[in-house]
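Trainee: When you get a sec, could you give me coordinates for this:
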Amino acid sequence: MKDPDIVDKPIRYDRKTAWDKIQSYCVYRERCHQEVRDKLYEWGLNSTDVENIIADLIENNFLNEERFAIQFTSGKFRIKKWGKNKIKQELKNKKISDKCIQIAINQIDDDEYINTLIQLLNKKNSVLEEENRFIRYSKLMQHALYKGYEYDLVKDVIDEFFKDNI
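Mentor: Numbering: from 1, shown residues only. Next up, the predicted model:
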């Protein structure tokens, strides 16, 4: 058991060791520039070394912002069923460029996107116990918006759903 009075010292690496470790970090899964930058600073490197290592990683194709954005978008959409708004916001939080975000978002097939929203709403509807039609509508709307789908699209899909399920 650790003594609570003993504080762990942060790990410090020299440039060579950091270069070797950060390559493995990038190979394990796609990373954005900011994740790598944060990790290098965490390892105690100065800003010059950090920026030089990032430039080397980009040059050697260990880091690619567009590739990261596409992979992130695909995973969040297919696995977590996130909508475009939530994906865009998360990519912005990771300091991904607007151009890369747009390229990644454009990779989502429109038909698959709508079908995913319909499946999401059907699943949510099946677990709602609310009988009041307006409250049910509101809860479905809130769920889809929370997941990051666009208001107009959600409204159209829910309106169609209620039209068919009266």
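Trainee: Can you tell me the closest non-neighbouring residue to Ile118?
Mentor: Val157 (6.0 Å; C-beta to C-beta, 6 or more residues apart in numbering). (Glycine included, C-beta is placed from N, CA and C.)
Trainee: From Asp109, how far off is that neighbour?
Mentor: Distance of Val157 to Asp109, given as C-beta to C-beta, to the nearest Å: 16 Å.
Trainee: just to revisit the earlier point, for the residue nearest to Ile118, give me the pLDDT.
Mentor: The model reports Val157 with a pLDDT of 94.
Trainee: now swap in Leu153 and tell me
Mentor: For Leu153, the model assigns a pLDDT of 97.
Trainee: For the host helix or strand of Phe134, which residues meet the burial criterion?
Mentor: For Phe134, the enclosing helix or strand under DSSP states H and E is helix 133-146. For helix 133-146, the buried set under the neighbour-count rule, 16 or more other C-beta atoms under 10 Å, comprises Arg136, Tyr137, Leu140, Met141, His143, Ala144, Leu145.
Trainee: Am I right that the third one is in contact with Leu120?
Mentor: No - under the criterion of C-beta atoms under 8 Å, Leu140 makes no contact with Leu120, lying 9.3 Å away.
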